[in-house]
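Coordinates for the following, if possible.
(chains A and B)
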Amino acid sequence: DQQVKQNSPSLSVQEGRISILNCDYTNSMFDYFLWYKKYPAEGPTFLISISSIKDKNEDGRFTVFLNKSAKHLSLHIVPSQPGDSAVYFCAASGASGTYKYIFGTGTRLKVLA
Amino acid sequence: DTAVSQTPKYLVTQMGNDKSIKCEQNLGHDTMYWYKQDSKKFLKIMFSYNNKELIINETVPNRFSPKSPDKAHLNLHINSLELGDSAVYFCASSQDPRGLSGYTFGSGTRLTVV
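Numbering: from 1, shown residues only, chains lettered A, B, ... in the order given. Reported below is the predicted structural model:
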C-alpha cells in the first residue's frame, strides 16, 4: 500500500528547459510535503517543502505546486541544468498523528547538455 | 566537515552475525532518524529519537535496536543478521521532530548479508 507515488521512474530534459516531476498521494490527511534530491552514493538532500495551507512555494529555480483536491504535487525546475541530474523523492507527512514521512520511490532526472 | 556522518560506508557480513552502524551529527539538531532503503528503492523510517527519547518505532524486527547515548549520536545495532536485512541504511537529523525544515541525511551504509 504505497501512499506516495512517483509514477515516472525517469525523465530526460534538455538543458535550459523546464523539468516537471510529479508526485501523487492517496491519504487526504497528509499536510506537509517535502522534495529531496539524491546523487549516487550520497544521502538525499532537502530541496523544498510545502504546507497544505499553500498551493505554491518557490525557492530560486525550484517551485513546488500542490493540488489538494487532486492529491497531487509537482516540482518544477526552471531552467534545468546538468547538475540537476539526480533522483528526486517526494515525501509526505501528517496522516498518522506522528511525525513520520512517507517517501515516494523517486524519479531519476537526466538533464541533457 | 560532514554534518551527518555514518560509519561504516560499506558492510559485508555473514548471516547470523551481529553488527552496528554508527551515526553522529554536528548540527546541534534535536531529532535523529534511521531510514532503510530496500532493493525497490523505498525509503522507510525505522526509528526516530528526539533528545535521546524514542518517538517513532516502526514495525521492524526486534533484532534491530537503536541506541542514543546523547542527542548527537544515534547508533543502530542489528542482531542475528538475515539475508533480507541487506539494504542501504540512512541516518538523518532535523531541527525539530516534525522535520519541517527537512532532514539532513548521512551518505548511507550499504549492508550486504551473505
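
what about stretch A:14-25, distance to the chain center?
Computed by CA atoms, centre = their mean, to the nearest Å, the chain-centroid distance of stretch A:14-25 equals 9 Å.

How about stretch B:24-33?
Centroid separation between stretch B:24-33 and its chain, computed with CA atoms, centre = their mean, is 12 Å.

So which residues make contact with it?
Contacts to stretch B:24-33, defined as CB atoms under 8 Å, 6 or more residues apart in numbering or on different chains, come from residues B:1-6, B:23, B:45-51, B:55-56, B:68, B:71-74, B:91-97, B:99, B:103-104. Glycine gets a C-beta too; all of them are placed from N, C-alpha and C.

residue contacts, residue 18?
All of this refers to chain A. With CB under 8 Å, 6+ apart, residue A:18 has these contacts: A:76, A:77, A:78, A:79, A:80.

wrong chain, I was asking about chain B
Applying CB under 8 Å, 6+ apart to residue B:18 gives the contacts B:77, B:78, B:79, B:80, B:81.

count of neighbours near residue 9?
I went with chain A, as the question did not name one. Neighbour count of residue A:9, defined by other CB atoms under 10 Å in any protein chain shown: 11.

The intended chain is chain B.
By other CB under 10 Å, neighbour count at residue B:9 equals 13.

which residue sits closest to it in space, ignoring its chain neighbours?
The shortest distance from residue B:9 to any non-neighbouring residue, by CB to CB, 6 or more residues apart in numbering or on different chains, is to residue B:109 (6.2 Å).

ok, which stretches of chain B are helices?
Secondary structure of chain B, counting by DSSP state H: no helices present.

Flag every residue of it that's near chain A.
Contact residues (CB under 8 Å from any CB of the partner chain) of chain B with chain A: B:4, B:40-45, B:48, B:55-56, B:58, B:90, B:92, B:97-108.

out of these, which are buried?
By neighbour count, with 16 or more other CB atoms under 10 Å in any protein chain shown, the residues of chain B next to chain A hold B:4, B:41-45, B:48, B:56, B:90, B:92, B:97, B:99, B:102-108 as buried.

hang on, the earlier thing: could you dump the contacts of residue A:18 into CSV with distance to residue A:20 added?
Compiled in CSV, the contacts of residue A:18 are given as follows (distance: CB to CB, whole Å):
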residue, distance to residue A:20
A:76, 6
A:77, 8
A:78, 9
A:79, 13
A:80, 10
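
Looking at these, point me to the pair that's furthest apart.
With distances taken as CB to CB, the most widely separated pair in these is A:76 and A:79, at 10.6 Å.

returning to that earlier point: let me know the closest of the contacts of residue A:18 to chain B.
For these, the minimum distance to chain B (CB to the nearest CB) is 17.0 Å, reached by residue A:77.

out of the contacts of stretch B:24-33, which are inside strands?
With strands taken from DSSP state E, the overlap with those comprises B:4-6, B:23, B:45-50, B:55-56, B:68, B:73-74, B:91-94, B:104.

neighbouring contacts of the helix or strand of chain A with the lowest mean pLDDT?
Within chain A, confidence by mean pLDDT, DSSP states H and E is lowest for strand A:101-103 among all helices and strands, at a mean of 91. Strand A:101-103 is contacted from outside by A:3-4, A:25, A:30, A:34, A:89-93, A:95, B:42-45, B:99, B:103, using CB under 8 Å, 6+ apart.
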